[in-house]
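Student: test case, fold it:
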Amino acid sequence: MRVIETLANLPAELAEKIPDVKLQEQDIRVTLAQEGLTRGGILPPKLSLADFALSFEASAEATVRNFNSVGDVDENGVVGEPPPANAPPSDLPRPQLMLGGNTGWMRYQATARIKAAASGGWSMVTVNGQTELSATLSDYRAHPLTRNMREAAKEDLAQPRLLVLSTDLAKMATGDAVAWRVRGMLETGLDLGWADLFTSNLSDLSFVRNSELIELKSSIVALVRARVSLVDDYQLSFSRPGPGRIHLAVRKAKSHEASSGAGLGITVAFSDPEAVQARLKEVLSALAGQAESKVDELIEKALRKVLSPEEEALLRAVLERLGLDPQIINLDHLKQEWDEFKQKVESALEKVVKARVASAFQYEYLRISESATLLEVELDEATALHFHGSLLRGNLVDLMAWLREPANAGTFTLKNYLNSASFTLQQTVGFSLTVGTFEVLKSRNTLKQTWVSQENTQGARRQAFLGRRAYEDALMGHRNRWMVDFQADMESFAPAPAASDFRYGLHMLLWGQKKKLTKQELQQAVDDAVVWGVLDANDASKVTSTLEAHLGKTDVQTQVELKVSDAMLRELVPRIQGFDLKLFARALARAMPWSEQTARVSAEFRKLVYAPIWESYLTEVMNKGSFLSGDLSPTRAAQIAAWFIEKDSTVKQLASGLLLREKTWQPPGGNFSFAEVTDKNRNTLAKCRRFVDGLVRLRKSIEERRSGEELRTVHSDMESLWNTGFHLRTAGAVLAEVAKSTPRGLGGIERTFTVRLADSQEQFVFSTAFGPTVP
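Tutor: Numbers count the residues shown, from 1 in each chain. Below is the predicted model:
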């Protein structure tokens, strides 16, 4: 039988504020000095634990609130309304305790100072050099709505639950909850696909001379486990949904970071450093063009002077590719140079992987709204009690390691982890950690603009913007899914956020999947990579040859990606501040559909043939185009194409075999000839101009410190040039060409062509090295 203990009397200050009525009859919001609670023995003045102490200072305020009906708002998010029965899935957190039944809650909330014990064993206490922090503790007690509130308070406060003791969890009855809100170091864990870490950042490892093809082969199933730490305000809450079960949730909370703070301060450490080192050989092989063991063997033979002429030529080629001394007649420093190169790559590899994890986690974290859930799981009481201490200290890693163990499967229910239903985050897209390729691209046509605005206790804001377009375009063969992600976010809070406070980025993806890929389909995908400057035209045939052995045998997935970082985007934007007709004509020409016809077989040939045609077409649109459509008729487009094929010597030489197809327009037409492309991809001139307008607006917004709200218009203007597959190919071609005029050249843009093979679970990542060689 449950023994109910009650206080003889409530402190006078509290008793006069809690009405002697039923819980359902009145809403209360009571604020009182904690002095009354400490004086009355309800709260201890000080609670000492193993490595920290809580001090319930008399001058602080405590609160008592009740929740008795739908519509009541709990700022902690623990109590709330249930979602409508047919409501679509939402990123917003679900409350742990649901209003609307016969139960209500009394919430008792107090504030305590946290101070490290003499051992100083709690990392939280040293955050940003602080020696003391404060925490808010909340105790939720479930009662029938017919219960008298004053009597309920006497019962509840006879045994207050402070959460800092694991026994407090065991005391919870069904429907009860406890919460702990604090600013400190939060540490979590991530499992990421090793292969995903290199789908768009090979440029950071390009220790090779220009125009060399980098080919990285890795396993799709290989994982990297990392520990990620950051400083922020968060809330830990436990509730009891039923006997023997605990519902755990970790949520973000309103930040106490000053507006001039240094941001999240994310750090990354590898949980298994050896696993990263084990993959070093793959990276070395990609850079050297030969397996590490093969280079070691060649150098050893060179030192013993037993190289064959063929081996000597191969070693010279490797050394020259890596920028090392190819004059192997002088052998004194050969092995030393190779060892130093491996050490340089090893150091860079660690930095690249950590930077990728940190930036992607920050991208994800900044787009989780205030009070959103970071981790939510239901598990048995014994497990919750076991990990209670580490969770209280901001350590999610130990619990997550337990959850990952196969032996523990089925004993818990993972409800959410960073907006995902899994701890393992593979096949990620762009800047994100948790958005998989299929999830992004499963919709036929999606346009999304999302703002997340977090406000700290001083009223300053930290904002993040996501502009994403994902869609399916069946006109472009097997490469029928596309995604563009425009990133803009702030690391720190600002009193009045302006566009100049944001970091920017742009990620473009062309994605396709085919059960049995043909050679022609592979050549089309490789052509995308050439159009975007991922591959040099000379490397296209090498890549095709490498992959030919897998054609027709297995499911193949291809990805062509461009990722422009903040620094590079700020270099590109000033270079596109007016509509350059010739630039866009060249890009549109390179983006024309591939075929085995001479005029179409390479991006360079397409540029020679179709750039003058596009230039003439766009000029005529500007001068005589329809006011309503902004296009010429397909018949007129066919006439322009035919004139150049017949009259221009260069065009005629390459495209004479296409004359009949190009000069004939018969609706509805396909998507091959110039007239068909202009008809299927309408308003090309207007879209190109809007793209430029968006970049002009972005530059002015940054320079003039305009409101971040300008980014909505910036994105709307820019995305007009990637709402069809053809126009997206054009946008990538424009960026690639303009990048060549920057100091870093194409090397400043992350560019990769990725191929995944289903049967062998292998991934190939290709990229041609451009830009200055890294010393």
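
Student: return the set of buried residues in stretch 542-561.
Tutor: If you call a residue buried by 16 or more other Cβ atoms under 10 Å, then stretch 542-561 has these buried ones: 542-544, 547, 550-551, 554, 556-561. C-beta here means a position set from N, CA and C on the backbone, and glycine is covered the same way.

Student: average pLDDT for stretch 657-672?
Tutor: The pLDDT scores in stretch 657-672 average 89.

Student: give me the contacts around it.
Tutor: The contact list for stretch 657-672 (Cβ atoms under 8 Å, 6 or more residues apart in numbering) reads 475-476, 593, 595, 597-600, 634-635, 637-639, 641-642, 645-646, 655, 673-677, 679-680, 726.

Student: at 7 Å instead, please
Tutor: Here stretch 657-672 makes contact (Cβ atoms under 7 Å, 6 or more residues apart in numbering) with 475, 593, 597-599, 634-635, 638, 641-642, 645-646, 673-677, 679-680.

Student: residues near the nearest residue to residue 21 once chain neighbours are set aside, how many?
Tutor: If the residues on either side of it in the chain are set aside, residue 21 comes closest to residue 149, at 6.4 Å by Cβ to Cβ, 6 or more residues apart in numbering. Residues within reach of residue 149, counting by other Cβ atoms under 10 Å, total 23.

Student: show me the contacts for residue 149.
Tutor: 18-19, 21, 23, 66, 106.

Student: list the residues that contact residue 569.
Tutor: 504-506.

Student: what secondary structure does it sit in?
Tutor: Counting by DSSP: H, G, I helix; E, B strand; the rest coil, the backbone at residue 569 sits in helix.

Student: over to the one 10 residues further on?
Tutor: The assignment at residue 579 comes out as coil when based on three-state DSSP.

Student: show the pLDDT at it.
Tutor: 94.

Student: OK, contacts around it?
Tutor: Counting by Cβ under 7 Å, 6+ apart, residue 579 touches 688-689, 692.

Student: that one and residue 506: what is the separation?
Tutor: Applying Cβ to Cβ, to the nearest Å, the value for residue 579 to residue 506 is 19 Å.

Student: in strands, which of the buried residues of stretch 542-561 appear?
Tutor: 556-561 (DSSP state E).

Student: relative to residue 48, which of those residues is nearest.
Tutor: residue 561 (54.5 Å; Cβ to Cβ).

Student: from residue 486, how far out is that closest one?
Tutor: Distance of residue 561 to residue 486, computed by Cβ to Cβ: 15 Å.

Student: where along the stretch 51-200 of the chain do the helices fall?
Tutor: 149-158, 166-170 (DSSP state H, counting those that start in this stretch).

Student: hmm, I was thinking of the stretch 601-750 of the chain
Tutor: For the stretch 601-750 of the chain, the helices defined by DSSP H, counting those that start in this stretch cover 603-624, 634-647, 649-655, 659-663, 674-680, 684-703, 710-718, 725-739.

Student: put the alpha carbons of the shortest one into PDB.
Tutor: This means helix 659-663. Extracted in PDB, the C-alpha atoms of helix 659-663 (Å, rounded to 0.1, in the frame of the first residue of the first chain):
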ATOM      1  CA  LEU A 659      21.000  19.600 -89.300                       C
ATOM      2  CA  LEU A 660      17.800  17.600 -90.200                       C
ATOM      3  CA  ARG A 661      17.000  17.100 -86.500                       C
ATOM      4  CA  GLU A 662      17.700  20.700 -85.500                       C
ATOM      5  CA  LYS A 663      15.800  22.500 -88.300                       C
END
